[in-house]
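In: Take a look and give me a structure for this.
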Amino acid sequence: MKKLITAIAITAADSNSRTITGRIVTFEETGTASIGKVQFAKGSIEAVPVLLNLEHDRTRRIGKTLSIESNEQGIDATFKIANTTAGTDALVEASEGLRDGFSVEVYFDEYETLKDGTVRILKGEMTGVALTSEPAIRSARVNEVAATTGDEPEISDSTVEPEETPTTEGDEVDNTVTNADTVETVEAAQSVTANAKPAVGGWTSKPRLEFTAAKYLENTIRASLGEESARQYVAAADDTTDNAGLVPTRQLTEVINGLANNTRSAIDAISRGVLPDAGMSFEIPKITTMPTVAETAEAGTPSETDQASSFLSVTVKKYAGQQTFSVELLDRTSPLFFNELLNNMSAAYAKATDLAVYTALASGATADATTLTTYPTASELLGFVSRGAASVYSNTQGFARNILANTSQWANLMTLNDSGRPIYMAAQPSNAGGAVRPDSIRGNVAGLDLYVTANVPSANDTDKDDSMLIINPSAYTWYESPTYRLRADVIASGQIAVSVYGYGAIATKIGAGAFGINKT
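Out: Model prediction:
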């Protein structure tokens, strides 16, 4: 059952006998309700006694039906007003044209929609009447106001036009009047007979309805507690296409970024050092000739070879990036913009430095003498590891401890199996030849710690040369300064330049400390 609230003007008010009289329903005349334009068919509503309240607030009853009758034009009623402060105020407001409208509450079962969108009520049930400040049917104004000093009322022929007084949301209903110039519309439809009986909100005006998310939530709560005016509000606002403010588009604080991260697997696979505090180059002493010890005969001359050394010169490089943007973008946007900018510049710095280290490792690596034409099989991989470990140890006098692979080689490692049993992903560690996981860029392959990197030059991507490197981490060291942030305000153009930079140096201490896969 749908609910409708409509308003009609009062025709008389008697303050002595405490009665208010007027038409509460006019047949075949179009008015504006909360659901849009509405028209009552003749005989569509039965005249039944109801209570009178203020502005559809059922907690503020001010009177009840004294008489009510239906005729060809509509339904007229006289209400006995309670001897209360609110009732007395209502009589004064009605007689002075301040609150001179009736608003009827109707549940209706059957209706039809006319071509202009007007909802024509065919059958309904009146459940209440409210004293309101503005009638929906403009012609149904107050034409009689009775103010008596004796037993018999003296009727005045004067016509009183109510003043148009604006209202603001939140004012007490007793002291406000509302201009009921609603312009909501109802979507056109065929004539229907409703099986279900949903509720529809009441007469209201644009100034009264503050369509905001906060106000909608407030009225939803009030409606659940039984407040009629709140239910009218919610019903009037239930079409979000017409009230876009109720469904605002939120912007989350999370940011999607699939282009970069701060992982530096190539740098992690070697040793680290602190960059000297000054200079664009530095030197590291390096032994070039070892002293010798040999078997010596009794009274013989010991073996003597002079130890010699030289200096390994290491060049310091600067890695920097800059962003220039307007001062408005910084001042008038969410702090999320600047934070995300710095995060992304930091990620770009990580990628640039990691790529520099990978390039140095690949360029100085010893090439495997055995060439492979495909991604290595399980047996080919073991052969590559064994040859690499021997090469690194013989050339550096240190052990190969790490294996660095690009993402393509990493994918191949996860496919290696023994009769279908994954070699490097076995559930039981005792049976595993290592541990390679699809959700981790760290693992273990044939006793070597695995590091996976996506920061590789095009020359080493997919299955190309040096797409896998076996490394003695002590043979290479990455020296790095702290990263810095520089901001410059360009007054002439109203722009801001932000730079993130740092200094780093890759020292190839022993060139044969890396062993690379060789693809034909």
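In: contacts and neighbour counts: CA atoms only from here.
Out: Fine.
In: where along the stretch 251-400 of the chain do the helices fall?
Out: Remark: helices assigned in the stretch 251-400 of the chain by DSSP state H, counting those that start in this stretch are 265-268, 327-331, 335-364, 378-396.
In: buried set for the third one?
Out: Same thing as helix 335-364. Buried residues in helix 335-364, defined by neighbour count with 16 or more other CA atoms under 10 Å: 342, 344-351, 353-359, 361-362, 364.
In: got it, and the shortest one?
Out: Buried residues in helix 265-268, counting neighbours by 16+ other CA under 10 Å, are found at 265-267.
In: Now do that helix, average pLDDT.
Out: Averaged across helix 265-268, the pLDDT comes to 96.
In: Show me the contact partners of it.
Out: Under the contact criterion CA atoms under 8 Å, 6 or more residues apart in numbering, helix 265-268 has outside partners 354-355, 357-358, 404, 451-453, 478.
In: from the residues you listed, which two are the most distant?
Out: Taking CA to CA as the measure, the contacts of helix 265-268 span a maximum distance of 17.7 Å, between 452 and 478.
In: contacting residues for residue 487?
Out: Counting by CA under 8 Å, 6+ apart, residue 487 has contacts 496-499.
In: Could you rerun that using 6 Å?
Out: 497-498 (CA atoms under 6 Å, 6 or more residues apart in numbering).
In: what's the answer for the one 3 residues further on, then?
Out: Shown in contact with residue 490 (CA under 6 Å, 6+ apart): residue 496.
In: What about the nearest residue to residue 471 once chain neighbours are set aside, how many residues nearby?
Out: Using CA to CA, 6 or more residues apart in numbering and skipping the chain neighbours, the partner closest in space to residue 471 is residue 514 (4.5 Å). As a burial measure, residue 514 scores 33 neighbours (other CA atoms under 10 Å).
In: Quick check, residue 514 in contact with residue 474.
Out: No - between residue 514 and residue 474 there is no contact, the gap being 10.4 Å when judged by CA atoms under 6 Å.
In: Same list (the helices of the stretch 251-400 of the chain) but as TSV, adding distance to residue 94.
Out: As requested, the helices of the stretch 251-400 of the chain are arranged in TSV below (distance: least, CA to CA, whole Å):
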stretch	distance to residue 94
helix 265-268	83
helix 327-331	55
helix 335-364	56
helix 378-396	96
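In: Looking at these, which is nearest to residue 105?
Out: Using CA to CA as the measure, helix 335-364 is the one of the helices of the stretch 251-400 of the chain that comes nearest residue 105, at 50.6 Å.
In: For the closest one, name the packing helices and strands.
Out: When contacts are defined as 3 or more CA pairs under 6 Å, 6 or more residues apart in numbering; DSSP states H and E, helix 335-364 sits against helix 265-268.
In: swap the cut-off to 8 Å and go again
Out: helix 265-268, strand 317-326, strand 495-508, strand 514-519 (3 or more CA pairs under 8 Å, 6 or more residues apart in numbering; DSSP states H and E).
In: quick one: contacts for the residue nearest to residue 313 when sequence neighbours are not counted?
Out: Nearest residue to residue 313, sequence neighbours excluded (CA to CA, 6+ apart): residue 283, at 4.4 Å. Contact analysis of residue 283 by CA under 8 Å, 6+ apart lists 311-314.
In: Including distance to residue 72, could these go into TSV?
Out: As requested, the contacts of residue 283 are arranged in TSV below (distance: CA to CA, whole Å):
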residue	distance to residue 72
311	115
312	112
313	110
314	106
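In: Neighbour-wise, give me the winner out of those residues.
Out: residue 314 (17 neighbours).
In: That residue against residue 282, yeah?
Out: Yes - applying CA atoms under 8 Å, one finds residue 314 in contact with residue 282, separated by 5.4 Å.
In: phi, psi of the residue of the chain positioned farthest from its centre?
Out: Distance from the centre of the chain peaks at residue 299, with 87.9 Å (CA atoms, centre = their mean). Phi and psi for residue 299, reported as degrees, to the nearest 10, are phi 70, psi 10.
In: Name all residues that make contact with the residue nearest to residue 471.
Out: 361-362, 364-366, 388, 392, 469-472.
In: From residue 387, how far out is it?
Out: 12 Å (CA to CA, to the nearest Å).
In: Check residue 444 too.
Out: 17 Å.
In: In terms of neighbours, single out the busier of these two.
Out: Between residue 444 and residue 387, counted using other CA under 10 Å, residue 444 has the larger neighbour count: 19 against 16.
In: average pLDDT for the helix or strand harbouring the more buried one?
Out: For residue 444, the host element (DSSP states H and E) is strand 442-445. Here strand 442-445 scores 92 as its mean pLDDT.
In: buried stuff in stretch 84-95?
Out: 86-88, 90-95.
In: Repeat that for stretch 110-119.
Out: 110-114, 117-119.
In: Mind picking the one among these that's closest to residue 278?
Out: residue 117 (81.8 Å).
In: right, and the secondary structure at that closest one would be what?
Out: Classification of residue 117 using DSSP: H, G, I helix; E, B strand; the rest coil returns coil.
In: ok, residue 421 to residue 433 distance?
Out: 11 Å.
In: I misspoke; the intended subject was residue 400.
Out: Counting by CA to CA - residue 400 and residue 433 are separated by 17 Å.
In: Between the two, which is the more surrounded one?
Out: Set residue 400 next to residue 433 and count neighbours by other CA under 10 Å: residue 400 wins out with 27 against 16.
In: And the closest residue in space to that one that isn't next to it in sequence, what's its pLDDT?
Out: Spatial nearest neighbour of residue 400, chain neighbours left out: residue 472 (4.3 Å); criterion: CA to CA, 6+ apart. pLDDT, residue 472: 97.
In: Just read off the phi/psi values of residue 472.
Out: The phi/psi pair for residue 472 (degrees, to the nearest 10) is phi -90, psi 110.
In: before we move on, the earlier item: for residue 314, see how far away the residue nearest to residue 471 is.
Out: For residue 514 relative to residue 314 (CA to CA), the value is 18 Å.
In: and what of residue 255?
Out: Residue 255 is 39 Å from residue 314, by CA to CA.
In: do residue 400 as well
Out: On the measure of CA to CA, residue 400 and residue 314 end up 23 Å apart.
In: quick one: the nearest residue to residue 354 once chain neighbours are set aside from residue 490, how far?
Out: Distance criterion CA to CA, 6+ apart; nearest residue to residue 354, sequence neighbours excluded, is residue 264 at 5.3 Å. Residue 264 sits 34 Å away from residue 490, going by CA to CA.
In: pLDDT value on residue 262, please?
Out: Value for residue 262, per-residue pLDDT: 90.
In: go on, residue 497?
Out: The predicted local confidence for residue 497 is 93.
In: Over to residue 397?
Out: For residue 397, the predicted pLDDT is 93.
In: Ok, residue 346 next?
Out: 93.
In: What residues are recorded as beta-bridge partners of residue 485?
Out: residue 500 (DSSP bridges).
In: That'll do, ta.
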